[in-house]
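1. pasting the structure only:
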């Protein structure tokens, strides 16, 4: 990590003296007994309640991860927030963890944005951040709204009895349509790239070889897509909206144009990594969170009515939904670059450290009455998108998408309500990205 990044992320883990004594060594050995990662409660998006005791008694605990490896779970807000920004903790390449050596070592994959470090990360971040800034999102907002409206119009037209399932009609297609519109992914290629994306996000049920095969296939698809855009003139737009505002063209074309500037430092491989990152972070995670967020609102008719009557609250409500409903339940693996001690536990160089945002976002030391959904909560410094220089670049796009989904739903269908009791709804629990399998509604 560069000196600039280190200066920007001076906040680090609260590290105790790393000198071991018989007392601390014995205490660590006792407390370091390996446990399983807390299982999610049935019919829920995650397992924040299961972390309450860990936050109080074992804030740093060694746990067995779904792939059989072990890692140190961090459950307190302060520790999780610091871990994401700590330069001594890095996210390994998917092809490099768990580490394998010799003939068994897989070929290295391209780093996603979360795995880039140092000067490489700095120059790529400088190129990508404007794509998710205020001006660009203002440019995209009408199109996101139009997509949401089109989906709801089609749902209503196909439901003469005034009932439908929001999951296939609205929750699932909206993130993919927005991703295609913004990034420049061809919607008609979805049967090619989505299976690889879903395989990676459900990695806990696959062998490492299967995970890597999906990753390499996704990289190959992204490279081929960029070839097609280059043949079609991608990155050469000079007129129209691109010339006037710097906003026209999809994200891939804009980054290809940037990569051709002599002093940009952006490479073609960086654009490939961008496509892979957006597919891994911007598709299924948004489906999962949108479905869970809408269920949380539909299960609270009074809160839903308040948002309908006071739409200005939707922005604040979105932040609370991001805090209260786990956005991402897949394992966040960081690897220690050096030895240190945290809360009496000795973490060695090479150990996996696993900050758990869902637990941090329910920490009573950081949030008043944290298990209550309070749509007026402010301030709300949640860590749903991580923290530090590797915080989710697309966080603002996710906010825009969820806010627009809620706004358009309440505008078009002001009387919307669950058509079945929430407690009886089936759940898709086939991957860590747990979400309701159905959201039957009436209007």
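-> Ah, there it is. This one's a predicted model, so the numbers in the text were calculated from it and none came from an experiment. Numbers count the residues shown, from 1 in each chain.
2. Am I right that residue 354 sits in a strand?
-> Yes: assessed by DSSP: H, G, I helix; E, B strand; the rest coil, residue 354 belongs to a strand.
3. Dig out what it forms beta bridges with.
-> Note on residue 354: beta-bridge partners residue 73, judged by DSSP bridges.
4. which residues touch it?
-> 63, 65, 71-74, 331-334 (C-beta atoms under 8 Å, 6 or more residues apart in numbering). Using the backbone N, CA and C atoms, a C-beta is placed for each residue, glycine as well.
5. hmm, try it at 10 Å
-> The contact partners of residue 354, taken as C-beta atoms under 10 Å, 6 or more residues apart in numbering, are 37, 61-63, 65, 70-75, 80, 83, 331-334.
6. Where strands are concerned, which of the residues you listed count?
-> Counting by DSSP state E, those place 61-63, 70-74, 334 in strands.
7. in the stretch 51-200 of the chain, which spans are strands?
-> Using DSSP state E, counting those that start in this stretch, the strands of the stretch 51-200 of the chain run over residues 60-64, 70-74, 89-90, 163-165.
8. most tightly surrounded among the ones you listed?
-> Most buried of the strands of the stretch 51-200 of the chain by mean neighbour count (mean count of other C-beta atoms under 10 Å) is strand 70-74; its value is a mean of 24.
9. any idea how far it is from the chain center?
-> The chain centroid and the centroid of strand 70-74 are separated by 19 Å, computed with C-alpha atoms, centre = their mean, to the nearest Å.
10. for the ones in strands among the contacts of residue 354, which one is nearest residue 140?
-> Proximity of those to residue 140 (C-beta to C-beta) peaks at residue 334, which lies at 31.5 Å.
11. That closest one contacts residue 82, doesn't it?
-> No: with contact defined as C-beta atoms under 10 Å, residue 334 does not reach residue 82; the gap is 11.3 Å.
12. Just the buried residues of the helix or strand containing residue 400, please?
-> Taking DSSP states H and E as the definition, residue 400 sits inside helix 395-412. Buried residues in helix 395-412, defined by neighbour count with 16 or more other C-beta atoms under 10 Å: 395, 397-410, 412.
13. cool, stretch 331-348 as well?
-> Result for stretch 331-348 [16+ other C-beta under 10 Å]: buried residues 331-336, 340-343, 345-347.
14. what's the most distant pair in those?
-> 331 and 341 (22.9 Å).
15. just to revisit the earlier point, min pLDDT across the buried residues of helix 395-412, which one?
-> Lowest pLDDT of the buried residues of helix 395-412: residue 395, 91.
16. which residues touch it?
-> The contact partners of residue 395, by C-beta under 10 Å, 6+ apart, come to 132, 281, 322, 327, 384-386.
17. Return the member of these nearest to residue 288.
-> residue 327 (7.7 Å).
18. show me the residues around the closest one that make contact.
-> 45-46, 285-286, 288-289, 292-293, 321, 357-358, 361, 382-386, 392, 395, 398, 402, 433.
19. mind running it again at 8 Å?
-> Here residue 327 is in contact with 285, 288-289, 357, 384-385, 398 (C-beta under 8 Å, 6+ apart).
20. Let me know whether my guess that it is in a strand holds.
-> No: counting by three-state DSSP, residue 327 is not part of a strand but coil.
21. what pLDDT does the residue lying closest to residue 430 once chain neighbours are set aside get?
-> Closest residue to residue 430 apart from its sequence neighbours, by C-beta to C-beta, 6 or more residues apart in numbering: residue 202 at 6.6 Å. Predicted confidence (pLDDT) for residue 202: 70.
22. about what we covered before: out of the buried residues of helix 395-412, the closest to residue 191 would be?
-> Ranked by distance to residue 191 (C-beta to C-beta), the buried residues of helix 395-412 are led by residue 401 at 22.8 Å.
23. which residues touch the closest one?
-> Neighbouring residues of residue 401 by C-beta under 8 Å, 6+ apart: 144, 174-175, 178, 286, 290.
24. could you redo the last one with a cut-off of 6 Å?
-> Listed by C-beta atoms under 6 Å, 6 or more residues apart in numbering, the contact partners of residue 401 are residue 178.
25. How about the one 5 residues further on?
-> Residues near residue 406 by C-beta under 6 Å, 6+ apart: residue 314.
26. measure it to residue 49 for me?
-> Distance, residue 406 to residue 49, by C-beta to C-beta, to the nearest Å: 25 Å.
27. and what of residue 116?
-> 35 Å.
28. Between these two, tell me which one has more neighbours.
-> Applying other C-beta atoms under 10 Å to residue 116 and residue 49 shows that residue 116 carries more neighbours, namely 23 against 15.
29. Excluding chain neighbours, what is closest to the more buried one?
-> Here the residue nearest residue 116, using C-beta to C-beta, 6+ apart, is residue 124, at 6.0 Å.
30. Quick check, the one you found in contact with residue 269.
-> No: with contact defined as C-beta atoms under 6 Å, residue 124 does not reach residue 269; the gap is 10.1 Å.
31. the more surrounded of these two?
-> Comparing residue 124 with residue 269 by neighbour count (other C-beta under 10 Å), the higher total belongs to residue 124, at 23 against 15.
32. Span of stretch 362-375 from start to end?
-> Chord length of stretch 362-375, first to last residue, is 15 Å (C-alpha to C-alpha, to the nearest Å).
33. go on, stretch 424-443?
-> 20 Å.
34. So which bits of it are buried?
-> Neighbour counts over stretch 424-443 (16+ other C-beta under 10 Å) mark 425, 427, 431-436, 438-439, 441, 443 as buried.
35. Same question for stretch 306-318.
-> 307-308, 313-314, 316-318.
36. For residue 87, state which of those residues is nearest.
-> Comparing the buried residues of stretch 306-318 against residue 87 with C-beta to C-beta picks out residue 318 as the nearest, at 30.7 Å.
37. helix/strand/coil for the closest one?
-> What three-state DSSP gives for residue 318 is helix.
38. show me what contacts it?
-> When contacts are counted by C-beta under 6 Å, 6+ apart, residue 318 is found next to 399, 402-403.
39. hang on, the earlier thing: the residue nearest to residue 430 touches residue 429, doesn't it?
-> No: with contacts counted by C-beta under 6 Å, residue 202 stays clear of residue 429, the gap being 10.8 Å.
40. Kindly confirm my reading that residue 229 is in a helix.
-> Yes: checked against three-state DSSP, residue 229 lies within a helix.
41. If anything else comes up later, I'll come back, but that's it for now.
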